[in-house]
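Engineer: what's the 3D shape of this:
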Amino acid sequence: MTQLTKGANVAVTAPMVRAALFWTGGPGIPDVDGSALLLQVTGKVAGDEDMVFYNQPAHPSGSVRQAGTAVASPESAACYDVIDINLGQVPASVDRIALVASADGGTFGQVPDLRLVVSDLTAGAELVTFAMTAADETAFVTGELYRRDGSWRLRAVGQGYDSGLAGLATDFGIHVDGGGIEDGSAAGPQPAPAEPAAAPPLVLPPPSWDAPPVPPEPVPTPAPPPAAPPAPPVAAVQTSAAGPVTLRKNERIELADAVSGPLNRVMLSLGWEAEAGKKNIDLDASVIAFDASGEKQCIVWYQHPVEYLAALQHAGDNQGDRAGGSFAENIYVELSRLPEQVAALVFTISSFKGHTFTDLLRAWCALCDDQGREFVRFDLTDTQPSTAVLMAIVRRSGPGQWSVRALGEFHDCRTVRKLVGPAARHARMGY
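Structural biologist: The predicted structure follows:
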């Protein structure tokens, strides 16, 4: 295996390669994402589809694919993010492929053991490694694959940007507003928090609904702000006599037998228990709103808790601690007050610190009506070692009518913004 230094280059003879970005993760370490930009001879992309990243994981040509972020094992702090490239399928108009990375929640100076490893995807043999150091950069061009005399070469670049992924992408001709890139670092890097930032106060108090469903063991719910005036009465969702539908791993269920009558209000209730002294585990409940074409309208989560005059509300962040115990988060939705352009809501769960659902003593989430009655429940404990799940989609099925589908689709990411792409696919497809 060849070890490159900054600026050095080497021939690449393998027809298919894997570019893996490695680092050591842990509490307070920013989340790192790998991306690729397919560039013309001008050094710019031909269009927004030439950026492959977490919200657009494959190039239309099929030549470049973002395979996602993972940890080496549940016991290891080693993390990696993978881009797979079929050099034989790269369009002839593409002169080079920039391999880039972004740091979410901090700078690359806070990311230890950062290195690029390029391997022969077919043989599995490592070809090149390039170790990098950084300071205040929030985005990096780690390397580039470029054409030379009818063949491909790899150059170790190691060029940093302090404007985040959005600033880097803009320099290469990407229209950030239309590319699904959500990067808040354009104003300069911020120190990585050891804990998620506290949620800002809710603009309006949460709805004065009845108490959330009682889990198998009591889960304390954070005290809400002072109750708002009672909402006008609405027809309640009726659940089947058999009780809530139980969702299992990787299972999609239509809820025709569990829900009848008008669906006016729903609540996502997330609960978990951590074992004392082991790990500080923080789960986050979120909801993504889409229009009928699958375009994201908004995300409601603990850092953006209110939308549509409180028709979507997050009741506040609840962080786990090393003392163990039970924790809960709730999201309230008044379906009858959502704007007409909102055609679908996808409910998600993610683990901010990168712990998996199998690290928990117990975890569950449920969709409920405004009386706290469950119509779908998902036990997250002992499912699989993943850090995020698309739980369910609530879709507008007609004037004033909504239907529900349970999803149970697992992913490996730490924040809701990386679930937008997978969730959009469900928002676009019919039942």
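
Engineer: my guess is residue 62 meets residue 86, correct?
Structural biologist: Yes - between residue 62 and residue 86 there is a contact under CB atoms under 8 Å: 7.1 Å. Placement of C-beta: from N, CA and C, glycine included.

Engineer: Tell me which of the two has more neighbours.
Structural biologist: Comparing residue 62 with residue 86 by other CB atoms under 10 Å, the one with more neighbours is residue 86, at 16 against 10.

Engineer: Report the contact partners of that one.
Structural biologist: 15-16, 62-64 (CB atoms under 8 Å, 6 or more residues apart in numbering).

Engineer: and if you look at residue 147?
Structural biologist: Counting by CB under 8 Å, 6+ apart, the residues that residue 147 touches are 95-96, 153.

Engineer: Selecting buried members of those residues in PyMOL, what would you type?
Structural biologist: This is how PyMOL selects the buried members of those, with burial counted by 16 or more other CB atoms under 10 Å:
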select buried, resi 96
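
Engineer: For residue 304, state which of the contacts of residue 147 is nearest.
Structural biologist: residue 96 (37.0 Å; CB to CB).

Engineer: who's the closest one bridged to?
Structural biologist: Bridge pairing for residue 96 (DSSP bridges) gives the partners residue 39, residue 146.

Engineer: Begin at 210 from now on, thanks
Structural biologist: Fine by me, first position is 210 from now on; the one you just mentioned is residue 305.

Engineer: wait, isn't it in contact with residue 353?
Structural biologist: Yes - using CB under 8 Å, residue 305 makes contact with residue 353 at a distance of 5.3 Å.

Engineer: Buried only: go through the contacts of residue 295 for me.
Structural biologist: In terms of neighbour count (16+ other CB under 10 Å), the buried residues within the contacts of residue 295 are 225, 272-273.

Engineer: So which of these belong to strands?
Structural biologist: 225, 273 (DSSP state E).

Engineer: Can I get the buried ones among the contacts of residue 295 in JSON lines including pLDDT and distance to residue 557?
Structural biologist: Below are the buried ones among the contacts of residue 295 laid out as JSON lines (pLDDT from 0 to 100; distance: CB to CB, whole Å):
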{"residue": "225", "pLDDT": "95", "distance to residue 557": "33"}
{"residue": "272", "pLDDT": "96", "distance to residue 557": "30"}
{"residue": "273", "pLDDT": "95", "distance to residue 557": "26"}
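
Engineer: with the buried ones among the contacts of residue 295 in mind, which one is nearest to residue 346?
Structural biologist: residue 273 (23.2 Å).

Engineer: which residue ranges form the strands in the stretch 260-409 of the chain?
Structural biologist: Along the stretch 260-409 of the chain, the segments classed as strands by DSSP state E, counting those that start in this stretch run 260-261, 273-280, 287-295, 305-313, 324-329, 335-340, 348-357, 360-370.

Engineer: Indicate which one of those is closest to residue 581.
Structural biologist: Of all the strands of the stretch 260-409 of the chain, it is strand 305-313 that lies closest to residue 581, at 35.0 Å by CB to CB.

Engineer: and the closest one, how far out from the chain's middle?
Structural biologist: Distance of strand 305-313 from its chain centroid, counting by CA atoms, centre = their mean, to the nearest Å, is 18 Å.

Engineer: Check which helices and strands it is in contact with.
Structural biologist: Under the contact definition 3 or more CB pairs under 8 Å, 6 or more residues apart in numbering; DSSP states H and E, strand 305-313 sits against strand 225-233, strand 240-248, strand 287-295, strand 348-357, helix 373-380.

Engineer: and of those, who's closest to residue 311?
Structural biologist: Of these, nearest to residue 311 by CB to CB is helix 373-380, at 3.6 Å.

Engineer: Could you pull out the buried residues of the closest one?
Structural biologist: Quick answer for helix 373-380 (16+ other CB under 10 Å): 373-379.

Engineer: Include distance to residue 630 and pLDDT when you put those into CSV, please.
Structural biologist: As requested, the buried residues of helix 373-380 are exported to CSV (distance: CB to CB, whole Å; pLDDT from 0 to 100):
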residue, distance to residue 630, pLDDT
373, 18, 78
374, 14, 80
375, 16, 80
376, 21, 81
377, 19, 85
378, 15, 85
379, 20, 87
